[in-house]
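A.B. asks: Below are the sequence and a predicted model; questions follow.
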Amino acid sequence: MSDWQQIALGDLQSRGVAVPSQGTGAVPLQQEHLERTRHGLTDEFTNVAASDTKALGDLCPVIGSGPSWAAKDESSVPSEGALAVLKITNTRPDGSVDLNELAYVAGLPARTKVIGPTSLVMIRTNGNRKRIGNVYLPPEEVHGAAVSAFQFILDAHDAETRDYLYMVLRSPRIQHLMSESASGSTGLGNLAVRWLKTLKIPWPDALERKSQVKVIGAVDDQITALDKEAGALDALLRVRKEELFAHYAATANMLPIGEVLKEIKRPITVDPEAEYRQIGIRSHGRGLFTKEAVTGESLGSKRVFWVEPGDLVINIVFAWEGAVAVVPPEIEGYCGSHRFPSYRRLDGGDIEFFRLFFSTKTGTQLLANCSPGGAGRNRTLSRKRLMESPVGMPSAQEQDRAISELRALEANILALRAEADRLRAVHSTLLSGLLDRTIDIKSAELEV
């Protein structure tokens, strides 16, 4: 059985890829796959003769970046003489184009290049080199829009060439090559137009190009559908949480949090010769992550405390950003900084109630209100003030019902996103194989 057949789209579960846990902070699977693929990549596609390639500049006669403008020149509403602009923040790391916050800028140069029906948009400059060269297919809604100086517009000869290039330029090999070829050593990498125009692109016959685009497009469509469904469920989850906790605040018994939660301290007497595994807490309710083990000697005078599965942990420096999580079962034998206090329920109830509460706008605002100002993003939580703050506490039965409802939505979202990640890994492997001609296009067509 071929490698491609073993990762057939219809048999994802047989590949044994686990659904990422909410609390583990697992790296998205497509990123892991891309990291693995990058090792050992060369500048050339194997099994592709030089005569079967074309320079990108021959396929895209116009490649250019957008103009610069000041933030004060932007408006959120269109006006006479203003151009819509697709900024780098509209081009998401997941490959999607976000149209929710388009800006409009007046007074741009008359020669400003705008997005057309055969255009692609590419990231030219970024502090994260893995984003340099990321390419996007702009939807019709932004045809006629400009891009920023941090992006390129690539105008292909025709729509078929654009679609093929959109496929090829997203391949792990070319993404790696563009990332590594970006110049600059002060944090920002920059792709040069001259280099980009010489980039060699595999160029099989028209029928094979069309077939490759069709196969990869079928996978893209499945990923898009999964992302869309996950996004809709995520929106439903956010609305439902706000509804439930607003209802409890209006109708349930209001109790100081300190009457329901208690801080638990498990101090560690650090052994300089021992190793300690630590946790970190992500902002915006995105769970925990784990760090590499360190020796007790390297901890120095740092105070650390054991955390246990079922603890509610809060990063007191970034609590105002929703840096709250529950320690999952797999995080056992770990410790946390003194800045990560642990809490348990005093009444025997489910700690998930508070994780869910603190992930609402009301809950995050409460944490912010208890975190007086400071330098930059660092605003330390007043634990005393938090414990004195009231929260609506419905009956134990209602708490359990709400937790069950909301966690079911979370589980469905995680499953959809995990499946989309699996398909992205399949996408990368399939695309590399098609371009290297190690996967036969006819067998790939049968699979999708």
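C.D. replies: Cool, got the structure.

A.B. asks: for the stretch 201-350 of the chain, what spans make up the helices?
C.D. replies: 206-251, 296-299 (DSSP state H, counting those that start in this stretch).

A.B. asks: what's the closest of these to H284?
C.D. replies: helix 206-251 (11.6 Å; CB to CB). Backbone N, C-alpha and C define where each C-beta goes, glycine included.

A.B. asks: now the closest one, how far from the centre of its chain.
C.D. replies: Averaging C-alpha positions (CA atoms, centre = their mean, to the nearest Å) puts helix 206-251 13 Å from its chain's average.

A.B. asks: what mean pLDDT does that helix have?
C.D. replies: Helix 206-251 carries an average pLDDT of 96.

A.B. asks: That helix packs against which elements?
C.D. replies: Applying 3 or more CB pairs under 8 Å, 6 or more residues apart in numbering; DSSP states H and E, we find helix 206-251 packed against helix 159-168, helix 352-358, helix 361-369, strand 390-393, helix 396-436, helix 441-447.

A.B. asks: any idea which of those is most buried?
C.D. replies: helix 352-358 (a mean of 22; mean count of other CB atoms under 10 Å).

A.B. asks: who touches it?
C.D. replies: Where contact means CB atoms under 8 Å, 6 or more residues apart in numbering, the residues beyond helix 352-358 that reach it are 241, 245, 257, 260-261, 285, 312, 314, 322, 324-326, 343, 345, 363-364, 366-367, 391, 399, 402-403, 406-407.

A.B. asks: If we use 6 Å, what do you get?
C.D. replies: Contacts to helix 352-358, defined as CB atoms under 6 Å, 6 or more residues apart in numbering, come from residues 245, 312, 324, 326, 363, 399, 403, 406.

A.B. asks: As CSV, the helices of the stretch 201-350 of the chain with mean neighbour count and distance to I174 would be great.
C.D. replies: Output for these, formatted as CSV (neighbours: other CB atoms under 10 Å; distance: least, CB to CB, whole Å):
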stretch, mean neighbour count, distance to I174
helix 206-251, 16, 14
helix 296-299, 15, 40
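
A.B. asks: picking up where we left off before, for the helices and strands packed on helix 206-251, give me CSV that also has distance to L199 and mean pLDDT.
C.D. replies: As requested, these are exported to CSV (distance: least, CB to CB, whole Å; pLDDT from 0 to 100):
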stretch, distance to L199, mean pLDDT
helix 159-168, 10, 97
helix 352-358, 47, 98
helix 361-369, 45, 96
strand 390-393, 57, 97
helix 396-436, 13, 95
helix 441-447, 23, 74
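
A.B. asks: nearest to T198, of these?
C.D. replies: That would be helix 159-168 among the helices and strands packed on helix 206-251, by CB to CB, at 14.9 Å.

A.B. asks: can you list contacts of that closest one?
C.D. replies: Contact partners of helix 159-168, identified using CB under 6 Å, 6+ apart, comprise 59, 118, 120, 137, 156, 201, 209, 213, 216.

A.B. asks: Nearest to F150, out of those: which one, please.
C.D. replies: L120 (15.2 Å).

A.B. asks: Mind putting the helices of the stretch 201-350 of the chain into TSV with distance to Q175?
C.D. replies: Shown next, in TSV, are the helices of the stretch 201-350 of the chain (distance: least, CB to CB, whole Å):
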stretch	distance to Q175
helix 206-251	14
helix 296-299	36
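
A.B. asks: who wins for proximity to V142 among those helices?
C.D. replies: Among the helices of the stretch 201-350 of the chain, helix 206-251 sits nearest to V142 (CB to CB), with 17.1 Å.

A.B. asks: Isn't D311 up against V326?
C.D. replies: No - D311 lies out of contact with V326 (CB atoms under 6 Å); the separation is 7.0 Å.

A.B. asks: quick one: the helices in the stretch 51-200 of the chain?
C.D. replies: Using DSSP H, counting those that start in this stretch, helices in the stretch 51-200 of the chain cover 56-59, 159-168, 172-181, 193-198.

A.B. asks: Out of the ones you listed, flag the one nearest N90.
C.D. replies: Of all the helices of the stretch 51-200 of the chain, helix 159-168 sits nearest to N90, with 17.0 Å by CB to CB.
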